[in-house]
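> got a predicted model here, sequence first, then my questions.
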Amino acid sequence: MPKQTLKKANKRSTHLDSRAKRAEQGKLVYKIDCSIPCSDELIDAETMKKFEAYITENLKINGKTGQLGNKVKITLADNQILITKFQVLFAKRYLKFLTRKFLKREKLRDYFRPVSSAKHDYQLRYYNIDLGDDVAEE
């Protein structure tokens with residue numbers, strides 16, 4: 001009898017979520033658009049290169065940094081950072097986390113926030129600050 005229960009225990013089905021299935025299918029491109037702060041000259045070309053290097057150094061694949069290889073390519077083009085991943089699994093939200101950490105490090109976190117502008121895109125936008133221009137009528 002114990003042998004039969006062991007056989008049943010070994011017949012576990014493996015469950016893959018939809019992200020894993022999409023990762024196995026091929027490539028996916030994420031875009032971080034920094035055109036708004038670059039047009040106002042708050043982020044220059046040097047800072048964009050630092051941002052690209054920061055993502056390259058700190059992006060974790062399978063729990064390890066610096067293991068990008070051919071699985072992830074990070075490019076800088078026209079005030080945008082393109083992250084192309086090939087058959088590897090990490091969330092879009094992880095890129096938002098890395099963007100926020102970089103902005104904090106460069107002391108720009110008080111001015112900008114990453115906002116999802118499309119399914120695979122983030123855009124750096126200013127915070128909406130209400131200065132209280134409306135005077136209460138008595």
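Cool, the structure landed. Numbers count the residues shown, from 1 in each chain.
> just the element for the most centrally placed residue in the chain, please.
In the chain, the residue lying closest to the centroid (CA atoms, centre = their mean) is Leu95, at 1.3 Å. In the assignment (DSSP states H and E), Leu95 maps to helix 92-105.
> and what of Tyr122?
Using DSSP H and E, Tyr122 falls within strand 121-126.
> show me where the protein has its helices.
Along the chain, counting by DSSP state H, helices occupy 2-10, 18-25, 35-39, 45-58, 92-105.
> could you give me the average pLDDT of the third one?
For helix 35-39, the per-residue pLDDT values average out at 92.
> equivalent analysis for the first one, please.
Along helix 2-10, the predicted confidence averages to a pLDDT of 51.
> quick one: buried residues of stretch 96-109?
Buried residues in stretch 96-109, counting neighbours by 16 or more other CB atoms under 10 Å, are found at 96, 98-99, 102-103. In short, each C-beta sits where N, CA and C put it, glycine included.
> and for stretch 29-45?
30-34, 37-38, 43.
> ok, now stretch 115-127?
Within stretch 115-127, the residues scored as buried using 16+ other CB under 10 Å are 122-124.
> got the CA coordinates for it in CSV?
Extracted C-alpha coordinates of stretch 115-127, given in CSV (Å, rounded to 0.1, in the frame of the first residue of the first chain):
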residue,chain,number,x,y,z
VAL,A,115,3.6,55.8,-15.5
SER,A,116,2.4,53.0,-17.7
SER,A,117,1.4,54.6,-21.0
ALA,A,118,0.8,51.3,-22.9
LYS,A,119,0.8,47.6,-22.3
HIS,A,120,4.6,47.3,-22.5
ASP,A,121,5.6,51.0,-22.0
TYR,A,122,6.5,53.3,-19.2
GLN,A,123,6.8,57.0,-19.4
LEU,A,124,8.5,59.4,-17.0
ARG,A,125,6.0,62.1,-16.1
TYR,A,126,5.9,65.0,-13.7
TYR,A,127,3.9,64.8,-10.5
